[in-house]
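> 3D model of this:
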Amino acid sequence: MRLGVKLNASPPSRDQLLRVAQLAEDVGYDSLWSSESYGMDAVSVLAMAGAVTRRVRLGTNIMQTAGRSPALTAMTALTLDLLSEGRFTLGMGVSGPQVVEGWHGQAFHHPLARTREYVAIVRQVIARESRTEFHGDYYDVPYSGADATGLGKPLKAMLAGRPNIPLLLAGMGPRNVELAASIADGLILAFIDPEQIVRLYGDALAAAPGGFEIVYTPDVVIGEDLESCRNAVRPRLALYIGGMGARGSNFYTSLFARLGFAEESRRIQEAFLDGRVAEAESHVSNEMVDRVALVGPVSRVKEQLSRWARTPLTTLVVNSTDPRVLETMAELVA
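Below you'll find the model as predicted:
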């Protein structure tokens, strides 16, 4: 199991970002990752990190497809991969309706079919085997609609790079995971009990190719007071389960229900959406935290890691920028 670190676990200052990136490389981390929702973008963070490192992989976890055309995503991947001398991994995902419609101003319909077309165009641009041309149900390149000028023509990327830049897809439901296994080089999971990966996604992953990467980003809080460590995780779980969606339409609420926490998830969502945030956090049980995060004294985290090492996970991305946590995790995994 390889070890990565999420650079923007919290909005970093420039100096903090550079220190964390350099520390991770110095103590043996395999990869650096950045994410985006409707705050920091994922690309700028990795560009800075890539400038002060030489070995570690650089991955997006994730780039939102709604925020970029397929061609722009491919251009960005080619650029980052070239400037980092072949270290870039492209992690993509559709996000959810709250962000896609509320932030990017696009309709959230048919995400699986859209993703399939999106990936096909990205692959075509990066491969540069021919001029890029794709006419599907959702993407039309060159554009040929009734209001087209007629001047558009198929183009080939001016930048030639690695034709096989790794492409990972985010997924929470079995159909998303099945899609990743069929068209991507890896899968990015959210809030998963590693010991339930096979139960939830075993059939969906059956067609995955050799070397398929499975990435998970758990909160990691290390300290002698177990309850304090758990309490540090509860607000984030309550936010996602309770607030990252609407009643009846929240992917995270549904995910935790599939993990065995249906009643807890219902209470968390009801309290959060009613504005009772502290109560929502109180409904995040110890077991919920322990299943999806690494918390507590070093000896306890070591024991948890030994369980996780026996799962299909290939890359564990530490959701912390605390230098002491990063150094301790490097020692435990080594």
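
> what's the neighbour count on Ala148?
11 (other C-beta atoms under 10 Å). For the C-beta atoms, the positions are set from N, CA and C on the backbone; glycine is no exception.

> What of the one 10 residues further on?
Counted by other C-beta under 10 Å, the residues lying close to Met158 total 8.

> what's the answer for Glu281, then?
Neighbours of Glu281 using other C-beta under 10 Å come to 20.

> Now do the buried residues in the helix or strand where it lies.
In the assignment (DSSP states H and E), Glu281 maps to helix 277-282. Residues Val277, Glu279, Ala280, Glu281 are the ones in helix 277-282 that count as buried (16 or more other C-beta atoms under 10 Å).

> just how off-centre is it within its chain?
26 Å (C-alpha atoms, centre = their mean, to the nearest Å).

> now do stretch 211-218
Chain-centre distance of stretch 211-218: 9 Å, with C-alpha atoms, centre = their mean.

> what distance separates the start and the end of it?
This stretch, stretch 211-218, spans 22 Å end to end (C-alpha to C-alpha, to the nearest Å).

> In the chain, what helix or strand scores lowest on average pLDDT?
Sorted by mean pLDDT, DSSP states H and E, the helices and strands of the chain end with helix 97-102, the least confident at a mean of 88.

> List the contacts of that one.
Contact with helix 97-102 is made by Ser37, Tyr38, Gln64, Ala66, Val94, Gln106, Ala107, Phe108, Met244, Gly245, Ala246, Ser249, as judged by C-beta atoms under 8 Å, 6 or more residues apart in numbering.

> ok so, going back, which helices and strands does the helix holding Glu281 pack with?
With contacts defined as 3 or more C-beta pairs under 8 Å, 6 or more residues apart in numbering; DSSP states H and E, the packing partners of helix 277-282 are helix 226-238, helix 262-273.

> Mean neighbour count, mean pLDDT and distance to Val318 added to these, as a markdown table?
Formatted as a markdown table, those follow (neighbours: other C-beta atoms under 10 Å; pLDDT from 0 to 100; distance: least, C-beta to C-beta, whole Å):
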| stretch | mean neighbour count | mean pLDDT | distance to Val318 |
| --- | --- | --- | --- |
| helix 226-238 | 18 | 97 | 13 |
| helix 262-273 | 19 | 96 | 25 |
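
> So for the least confident helix or strand of the chain, what gets flagged as buried?
Burial within helix 97-102, assessed by neighbour count using 16+ other C-beta under 10 Å, is assigned to Pro97, Gln98, Val99, Val100.

> Okay, buried residues for the lengthiest helix in the chain please.
For the chain, the helix with the greatest residue count under DSSP state H is helix 111-127. Within helix 111-127, the residues scored as buried using 16+ other C-beta under 10 Å are 111, 114-119, 121-126.

> With stretch 125-141 instead?
Neighbour-count burial for stretch 125-141, with 16+ other C-beta under 10 Å as criterion, is recorded at Val125, Ile126, Arg128, Thr132, Phe134, Tyr139, Val141.

> Low-confidence stretches in the stretch 51-200 of the chain?
Within the stretch 51-200 of the chain, no stretch has pLDDT under 70.

> Now do the strands in it.
With strands called from DSSP state E, counting those that start in this stretch, the stretch 51-200 of the chain shows them at 57-60, 63-64, 88-93, 134-135, 140-141, 167-170, 186-189.

> Of the ones you listed, give the one that comes closest to Leu305.
Leu305 lies closest to strand 186-189 among those, at 16.7 Å (C-beta to C-beta).

> contacting residues for Arg236?
Per C-beta under 8 Å, 6+ apart, neighbours of Arg236: Asp219.

> got CSV for the strands of the stretch 51-200 of the chain, with distance to Gly296 too?
Listed next are these as CSV, based on distance: least, C-beta to C-beta, whole Å:
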stretch, distance to Gly296
strand 57-60, 27
strand 63-64, 33
strand 88-93, 29
strand 134-135, 50
strand 140-141, 51
strand 167-170, 28
strand 186-189, 22
